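**Q** Sequence below, structure please.
(4 chains)
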Number of protein chains: 2
Amino acid sequence: MPLEERREELLDAALRVLARDGYGQLTISAIAAEAGVTRPVVYDAYGGIDPLLHALLDRTQQRATDAALALIPAGGVPVELDRWLLEAADGLLQAVQEDPETWGPVLGLADGAPPAVRERIESTLVVLRGFVSDVLRTNLGPETELDVEVVAHSLITLAQEFARLLLAKPDEYPKERLLAAYAGMLDLRR
Amino acid sequence: MPLEERREELLDAALRVLARDGYGQLTISAIAAEAGVTRPVVYDAYGGIDPLLHALLDRTQQRATDAALALIPAGGVPVELDRWLLEAADGLLQAVQEDPETWGPVLGLADGAPPAVRERIESTLVVLRGFVSDVLRTNLGPETELDVEVVAHSLITLAQEFARLLLAKPDEYPKERLLAAYAGMLDLRR
DNA sequence: GCCAATTACTACACGGGTGTAGATTCGCAC
DNA sequence: GTGCGAATCTACACCCGTGTAGTAATTGGC
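**A** Numbering: from 1, shown residues only, chains lettered A, B, ... in the order given. Below is the predicted model of the structure:
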């Protein structure tokens, strides 16, 4: 098997191990076994667990960031805030529902995440919070009394938690219930 | 040193290791070294890493639960909702600020948390959410259209995130800023 | 058909954490 | 001071994951 294809296959295997057993079991041995090859194959393809994890994080971060940014309007474009908040939440939950294996680890649902993972997720969140802050600022007007950064942080935190609920207990918390509750909370403003 | 005292000392040592190096480094060896004894001492006191972790979780859960429940009014007692939400947040942030080593791991700030820890935290949160739901129900009236469970869940999630911010970046997010932003968000309801 | 390169495997040494058995030290009763 | 018991240490065998060296098999060019 050519090297690039093998690399992708190993990442897929690693993601399966991760989703099933958590980071604590994400070893070269486990990945090799999951992919049905021997350990030297993994060493030849990636050189160790760190480069492999790095590559896996790159791929996952790319997917998650792309999906999330697609929900955010371009800078400076005015939107109906409440409507956008709802649509963005809807879009995120939809994306999460459609690709649970990518989003589970991203949302911290994989056990035993090491610092590198935490940092990767945090760096993505920083970017997202910046974009959401921008949207809030341009649409609340410059004289708002709200602490836009903290509000953006809170919104993203809530979105993440809703996504976690959707993944962990889809029966108790289906997308519709979460969105309805979210809309209800937004409605308090009136 | 008598057994009970030794046990406490070992838990303290374990907590220090945990706060400093995360769960990945929380081994019998590391705990023994941190406490300045040899491994057999730890085995004699606890029998292994699992019972020790269990004991540490018991102690931490007790402390955190006590502190959190102290902020929640007894069942059925009516309160001024906005005022209570603010005071409870204030109280929580205060408690967190005063005992960071207990709260850091509770808030998921220790790297590499294994499933047992996740489950322990989740079980505590379930209880807390129940209490907050009760407070909301008795004070919003029975005919509210809000999804009380999801709102309670959201409030607690936000409180946790604020506490994390306070612990992780106290300079950027001091208690006063967080509480002011929180008050600002509540004010949107008027 | 044959050689070379690529790919993958078997086999080994190493490190670090685990759990336990046996030796040692210390304090206290007599 | 002697002997007993608790507490602690030293030392060993074990497991499992790591990383690598050397070997076998497969594929493409000539």
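
**Q** CA only for contacts and neighbour counts going forward, please
**A** Noted.

**Q** Which positions in chain A make contact with DNA strand C?
**A** Contact residues (Cα under 7 Å from any atom of the strand) of chain A with DNA strand C: A:1-3, A:6, A:36-41.

**Q** Just send those residues back as JSON lines, with distance to residue A:118 and secondary structure too.
**A** Below are the residues of chain A next to DNA strand C laid out as JSON lines (distance: Cα to Cα, whole Å; DSSP: H, G, I helix; E, B strand; the rest coil):
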{"residue": "A:1", "distance to residue A:118": "33", "secondary structure": "coil"}
{"residue": "A:2", "distance to residue A:118": "32", "secondary structure": "coil"}
{"residue": "A:3", "distance to residue A:118": "29", "secondary structure": "helix"}
{"residue": "A:6", "distance to residue A:118": "27", "secondary structure": "helix"}
{"residue": "A:36", "distance to residue A:118": "29", "secondary structure": "coil"}
{"residue": "A:37", "distance to residue A:118": "29", "secondary structure": "coil"}
{"residue": "A:38", "distance to residue A:118": "29", "secondary structure": "coil"}
{"residue": "A:39", "distance to residue A:118": "27", "secondary structure": "helix"}
{"residue": "A:40", "distance to residue A:118": "28", "secondary structure": "helix"}
{"residue": "A:41", "distance to residue A:118": "28", "secondary structure": "helix"}
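
**Q** Pull out the buried members of those residues.
**A** A:39, A:41 (16 or more other Cα atoms under 10 Å in any protein chain shown).

**Q** Identify, from the residues of chain A next to DNA strand C, the entry nearest to residue A:90.
**A** Ranked by distance to residue A:90 (Cα to Cα), the residues of chain A next to DNA strand C are led by residue A:6 at 35.6 Å.

**Q** got a pLDDT number for the residue lying farthest from the centre of chain A?
**A** Distance from the C-alpha centroid of chain A, by Cα atoms, centre = their mean, peaks at residue A:143 (32.2 Å). If you check residue A:143, the pLDDT there is 84.

**Q** before we move on, what SS does it have?
**A** Using DSSP: H, G, I helix; E, B strand; the rest coil, the three-state assignment for residue A:143 comes out as coil.

**Q** Who are the contact partners of residue A:80?
**A** By Cα atoms under 8 Å, 6 or more residues apart in numbering or on different chains, residue A:80 lies in contact with residue A:139.

**Q** circling back to that earlier point, state the distance from the residue farthest from the centre of chain A to DNA strand D.
**A** Using Cα to the nearest atom of the strand, to the nearest Å, residue A:143 is found at 54 Å from DNA strand D.

**Q** cool, residue A:163 as well?
**A** Applying Cα to the nearest atom of the strand to residue A:163 and DNA strand D gives a distance of 31 Å.

**Q** Verify the contact between that residue and residue A:94 for me.
**A** No. Contact between residue A:163 and residue A:94 fails when scored by Cα atoms under 8 Å: they sit 9.2 Å apart.

**Q** do the helix or strand harbouring residue A:128 and chain B meet?
**A** Assigned by DSSP states H and E, residue A:128 belongs to helix A:115-140. Yes. Interface with chain B: helix A:115-140 contributes residue A:115 (Cα under 8 Å from any Cα of the partner chain).

**Q** Kindly provide the distance from residue A:88 to residue A:133.
**A** Distance, residue A:88 to residue A:133, using Cα to Cα, to the nearest Å: 14 Å.

**Q** Run the angle between the host helix or strand of residue A:151 and helix A:115-140 for me.
**A** Secondary structure from DSSP H and E places residue A:151 in helix A:148-168. Following axes from the mean of the first three to the mean of the last three Cα atoms, to 10 degrees, one obtains 120 degrees for the angle between helix A:148-168 and helix A:115-140.

**Q** helices or strands up against helix A:148-168?
**A** If you count contacts as 3 or more Cα pairs under 8 Å, 6 or more residues apart in numbering or on different chains; DSSP states H and E, helix A:148-168 packs onto helix A:81-98, helix A:100-106, helix A:115-140, helix B:148-168, helix B:175-187.
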